[in-house]
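mind looking at a prediction? Sequence and model below.
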Amino acid sequence: MQKHCLALDLNNHPDLIAEYIDYHKNVWPEIQKSIKDSGIINLEIYNIGDRLFMIIEANDDFSFTEKAKQDAENPKVQEWETLMWKFQKALPQAKSGEKWILMNKIFELK
């Protein structure tokens with residue numbers, strides 16, 4: 001089992017943030033299917049203000065590279081991603097075109 005945490009910001013406008021949250025109350029079925037088909041078992045997104053935090057739990061075969069390839073070939077995923085970009089704002093350290101940034105784990109209580 002793999003576990004990954006990612007971060008992304010939203011455009012800091014209350015109406016846009018509310019609309020983004022509303023979209024995630026009913027994520028399109030095609031998007032949910034593409035997530036599951038990639039090997040992701042559980043995906044959670046948390047929000048505070050204009051900050052988003054995503055936790056992904058995936059099977060051992062999951063690959064971000066393969067997921068990106070599948071997404072690029074899926075018109076419905078591309079439609080969703082274009083729509084979501086209206087609300088999202090890349091983190092300052094993001095590369096051009098990069099959205100969600102993989103976070104480094106710095107502590108784990110055992």
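Received the coordinates, thanks. A quick note: this is a predicted structure, and the numbers were derived from the prediction, not measured.

tally up the residues packed near the closest residue to Leu16 other than its chain neighbours, please.
Leaving aside its sequence neighbours, Leu16 sits nearest to Phe87 (CB to CB, 6 or more residues apart in numbering; 5.2 Å). For the C-beta atoms, the positions are set from N, CA and C on the backbone; glycine is no exception. Phe87 has 20 neighbours, counted by other CB atoms under 10 Å.

residue contacts, Phe87?
Phe87 is in contact with Leu10, Asn11, Leu16, Ile17, Glu19, Tyr20, Tyr23, counting by CB atoms under 8 Å, 6 or more residues apart in numbering.

just the buried ones from these?
Those of those that meet the buried threshold are Leu10, Leu16, Ile17, Tyr20, by 16 or more other CB atoms under 10 Å.

the strands in the chain, which residues?
2-10, 40-48, 51-58, 88-89, 101-102 (DSSP state E).

same list (those) but as a markdown table, adding mean pLDDT and distance to Leu109.
Output for the strands of the chain, formatted as a markdown table (pLDDT from 0 to 100; distance: least, CB to CB, whole Å):
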| stretch | mean pLDDT | distance to Leu109 |
| --- | --- | --- |
| strand 2-10 | 98 | 14 |
| strand 40-48 | 98 | 19 |
| strand 51-58 | 98 | 16 |
| strand 88-89 | 96 | 31 |
| strand 101-102 | 96 | 21 |
